[in-house]
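Participant: quick one, structure for this:
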Amino acid sequence: MTERTPVDQLMPEQAKQELIRLRDEILHHDELYYLKDMPTISDAAYDELRQRNAAIEKRFPELILPDSPSKRVGISPKSKFGKITHDVPMLSLDNAFSIEDAEDFLRRAARFLGMPEGTQLDVVAEPKIDGLSASLTYDDGHFVRGATRGDGVTGEDITQNLLTIADIPLELKSGPIPKHIEIRGEVYMTHKDFAALNETREREGQPLFANPRNAAAGSVRQLDALITKSRPLHFFAYGVGEIPADLKLETHQQLLDTLIKWGFSVSHWHTLCTNEAMIFKLHEDLYAARPELGYDIDGVVYKINRLDLQARLGQVSRSPRWAIAHKFPAEQGETRLEKIDIQVGRTGTLTPVAHLTPITVGGVVVSRATLHNEDEIQRKDIREGDMIIIQRAGDVIPQILGYVKEKRPADAKPFVFPTVCPICGSHAVRIEGEVARKCIGGLVCPAQVVLRLYHFISRHGFDMEGFGQKHMEEFFEKGWIKTPADIFRLKTRNQQSMQPIQTWEGWGAKSAEKLFEAIEERRHIGLDRFIYSLGIPQIGQATAKLLARTYGSFTNWRAQMEMAAASSDNPALQELLSIDGVGPSTAEDLCAFFLEPHNQTVLNELAQELTIEDVQAPSVSGSPIVGMSIVFTGTLTKFSREEAKAAAESLGAKTSSAVSSKTDYVVVGDNPGSKAKKAQELGIKMLTEDEWLQLIGS
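Facilitator: Down below sits the predicted model:
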């Protein structure tokens, strides 16, 4: 199988492995984009990853991972900033890459609303600014705080930096002023200002920014607001978190007009379109006008105009149903592929990277590109020395589309992918059904050991302040840290050493003490973070939280997982599989982890060093279903399955995909099938949709 094997030809096991790879790769690029403002692939290449992920999930819905990229918005904020919770989630938009995709969006919206086929919905079309999304909170008309998108729920507190942007009014001007409102918009930098900024940095010997988006994002996320103030930033408003009750608006067009009255800049290109011809004409016009705009846009956003219809449409996972981004085609160029290098990742995956003769494409200098895997190289017949065609849409490292046949050197030879790890010399093998070649060196391969340990202390794991990857590499090389538990023995080892850390180059007593303090602060950790830190395949943040909420304590989780791993026919395994969001492949990886004696040793050692905190039951005042397990079955007519689950979870309940003795209620729609029969056999109370709504007070 190759990475680009048509989705309709994938076998289930192949699809499972590729979904895991896509999840990990997309998360990696999200962290680079949202947290470091240093993307390493093009927008087009990133969009291709998400498109393929969505296509596989559509064909194999039973294989959707609990922490799939399709369920996640952005990335959790950095610890160096304070955190702000958005009034309502700050979602990402789904993308359309063709007129057909956009037409399908309009048809889906009309169909969801129960409108006759062919109904034309009024749509507001506006440019998709390529900048940094931000939310601004106003109380009684006064700007009080601002935040980045973050993970969609919680963003970074960048209030002081936003105060330096002239386009952001400190007070709302004329028009009705709501008691409280959260304004959404995009921070950006013009082409002219970006060029001037890079000229200044070049004169001062500072690194240049790759593009205006990176410059704007990096400027807004400075710890020193004076640096932000020195940068020429702008802000376009495009919406709000939710319409306050004291603000009487009926359409998105009216909202944009109100934002202008309040003193915000809104793109003058925004247009109310009453038919598809108008919509796509604006997309065509904006694409043609893009070079003259003076700032970067990468598409056009279409939003259903009526706010009441937006509310009815709601959202799916990470995106609203009432809006979509119609992206522009990617840009292309030609350059020489000088060398193919092999990098080894945390999981042992060997990834080929192309080193290119530097070329400017769309105003950005690029010199590297990923080739994904050996099948990709063979399929495209890419060779060192080739003149290759690259594609990008606003970032640093583009996608390689192919080579220019007539420009191939006479002595160019097919690339031979290594069968041994270039780091440790261990065999590099391909397991049947997988696309990647992996080093089997495991814990003897420095590339894997250090990064596995670094994953343990990473932001979503133990989050140890000041403990970077370079530190981990240093401790590993000196033999001080070989296992996760060694981290918590570091201070004792240092005290017993003839050559303490304080005497190492680059270390001092103060820095060593700070490190020890950071480690000690993490001897108490939440169960979800602990589970995530172990690096179990398919167990990302979302799945770790799901497991923690389900099992409550480390002792119970471990005991249940060990029982689940012990036999394929036991209640513990069935309970694991009944968790809504844990499929057979995830359960298989969990069981495999607990069957490995080495992992049991790791858990034993960590249990001696740590206090792993139990999960506290959610506090939902007055909820009649807190802590209960709810199963929905049959065809629901008063609400969708997703809406029902969301309502139950917001009231502190857990939802499951299977009925068991631990189920409290089964909500039954039309044609319920086997779940209702099993509930009857187990004596579990069944509710109609009306009874369910009455129970939760809706």
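
Participant: doesn't residue 21 make contact with residue 537?
Facilitator: No: if you go by CB atoms under 8 Å, residue 537 and residue 21 don't touch, sitting 10.6 Å apart. In short, each C-beta sits where N, CA and C put it, glycine included.

Participant: comparing the two, which residue is more hemmed in?
Facilitator: Between residue 537 and residue 21, counted using other CB atoms under 10 Å, the more crowded position is residue 21 (20 against 16).

Participant: where does that one sit: helix, strand or coil?
Facilitator: helix (DSSP: H, G, I helix; E, B strand; the rest coil).

Participant: ok, now residue 303?
Facilitator: Secondary structure, three-state DSSP: residue 303 is strand.

Participant: can you give me every residue that contacts it?
Facilitator: 123, 124, 125, 126, 239, 252, 310, 322, 323 (CB atoms under 8 Å, 6 or more residues apart in numbering).

Participant: now it: how far from residue 124?
Facilitator: From residue 303 across to residue 124, the span is 5 Å (CB to CB, to the nearest Å).

Participant: list residues touching both of these two?
Facilitator: Listed as contacting both residue 303 and residue 124 by CB under 8 Å, 6+ apart are residue 252.

Participant: who's in contact with residue 457?
Facilitator: Taking CB under 8 Å, 6+ apart, we find residue 457 in contact with 463, 464, 467, 472, 487, 522, 533.

Participant: can you tell me the helix or strand for the closest residue to residue 7 other than its chain neighbours?
Facilitator: Distances taken as CB to CB, 6 or more residues apart in numbering place residue 55 nearest to residue 7, at 4.6 Å, with adjacent residues excluded. Element membership for residue 55, per DSSP states H and E: helix 43-59.

Participant: surely residue 309 is in contact with residue 112?
Facilitator: No: in this structure, residue 309 is not within contact of residue 112 by CB under 8 Å, at 9.6 Å.

Participant: neighbour-wise, which of the two wins?
Facilitator: residue 309 (20 against 16).

Participant: figure out the helix or strand that the more buried one lives in.
Facilitator: Per DSSP H and E, residue 309 falls inside helix 307-313.

Participant: equivalent analysis for residue 124, please.
Facilitator: Going by DSSP H and E, residue 124 is in strand 123-129.

Participant: what strands flank that strand, and is each parallel or antiparallel?
Facilitator: Here strand 123-129 is paired, per DSSP bridges, with strand 271-273 (antiparallel), strand 297-304 (antiparallel).

Participant: about what we covered before: who are the packing partners of the helix holding residue 309?
Facilitator: helix 99-112, helix 252-262, strand 297-304 (3 or more CB pairs under 8 Å, 6 or more residues apart in numbering; DSSP states H and E).

Participant: just checking the distance from the first one to the centre of its chain.
Facilitator: It stands for helix 99-112. Remark: helix 99-112 is offset 25 Å from the chain centroid, using CA atoms, centre = their mean, to the nearest Å.

Participant: stretch 293-307 now?
Facilitator: The answer for stretch 293-307 is 22 Å, by CA atoms, centre = their mean.

Participant: could you do stretch 63-71 as well?
Facilitator: Relative to its chain's centre, stretch 63-71 lies at 10 Å (CA atoms, centre = their mean).

Participant: contacts for it next, please.
Facilitator: 12, 15-16, 19-20, 22-23, 26-27, 30, 50, 53-54, 56-57, 317-318, 538-543, 546, 581-583, 585-586.

Participant: and for stretch 594-609?
Facilitator: Stretch 594-609 is contacted from outside by 483-485, 488-489, 523, 530, 534, 554, 558, 561-562, 564-565, 593, using CB under 8 Å, 6+ apart.

Participant: state the mean pLDDT of that stretch.
Facilitator: Mean per-residue pLDDT for stretch 594-609: 86.

Participant: can I get it in PDB? Just the C-alpha atoms.
Facilitator: The C-alpha coordinates for stretch 594-609 follow below in PDB (Å, rounded to 0.1, in the frame of the first residue of the first chain):
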ATOM      1  CA  PHE A 594      -0.500  -3.700  29.400                       C
ATOM      2  CA  LEU A 595       0.600  -7.100  28.100                       C
ATOM      3  CA  GLU A 596       4.200  -5.800  27.800                       C
ATOM      4  CA  PRO A 597       6.200  -6.600  31.000                       C
ATOM      5  CA  HIS A 598       8.500  -3.600  30.500                       C
ATOM      6  CA  ASN A 599       5.500  -1.300  30.600                       C
ATOM      7  CA  GLN A 600       4.300  -2.900  33.800                       C
ATOM      8  CA  THR A 601       7.700  -2.200  35.300                       C
ATOM      9  CA  VAL A 602       7.400   1.500  34.200                       C
ATOM     10  CA  LEU A 603       4.000   1.800  35.900                       C
ATOM     11  CA  ASN A 604       5.200   0.100  39.100                       C
ATOM     12  CA  GLU A 605       8.200   2.500  39.300                       C
ATOM     13  CA  LEU A 606       6.100   5.600  38.600                       C
ATOM     14  CA  ALA A 607       3.400   4.600  41.100                       C
ATOM     15  CA  GLN A 608       6.200   4.700  43.800                       C
ATOM     16  CA  GLU A 609       7.300   8.200  42.800                       C
END
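
Participant: right, and residue 219 touches residue 227 too?
Facilitator: Yes: Residue 219 is within contact range of residue 227, at 7.1 Å (criterion: CB under 8 Å).

Participant: one step back: report the buried residues of the helix holding residue 309.
Facilitator: Buried residues in helix 307-313, counted by 16 or more other CB atoms under 10 Å: 307, 309, 310, 313.

Participant: and stretch 140-157, by the same measure?
Facilitator: Judged by neighbour count (16+ other CB under 10 Å), stretch 140-157 contains these buried residues: 141, 143, 145-157.

Participant: show me the strands in the stretch 101-250 of the chain, by range?
Facilitator: 123-129, 132-139, 142-148, 154-156, 180-188, 234-240 (DSSP state E, counting those that start in this stretch).

Participant: now render the ones you listed as TSV, adding mean pLDDT.
Facilitator: Shown next, in TSV, are these (pLDDT from 0 to 100):
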stretch	mean pLDDT
strand 123-129	95
strand 132-139	94
strand 142-148	94
strand 154-156	89
strand 180-188	95
strand 234-240	95
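
Participant: nearest to residue 499, out of the ones you listed?
Facilitator: Among the strands of the stretch 101-250 of the chain, the nearest to residue 499 by CB to CB is strand 154-156 (39.7 Å).

Participant: so which elements touch that closest one?
Facilitator: Where contact means 3+ CB pairs under 8 Å, 6+ apart, strand 154-156 is packed against strand 83-85, strand 142-148.

Participant: possible to save these as TSV with distance to residue 426?
Facilitator: Below are the helices and strands packed on strand 154-156 laid out as TSV (distance: least, CB to CB, whole Å):
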stretch	distance to residue 426
strand 83-85	42
strand 142-148	41
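
Participant: quick one: low-confidence parts of the stretch 201-350 of the chain?
Facilitator: Scanning the stretch 201-350 of the chain for pLDDT under 70 picks out the ranges 317, 330, 346.

Participant: that older thread, quick check: mean pLDDT of the helix holding residue 55?
Facilitator: 83.

Participant: noted, bye for now.
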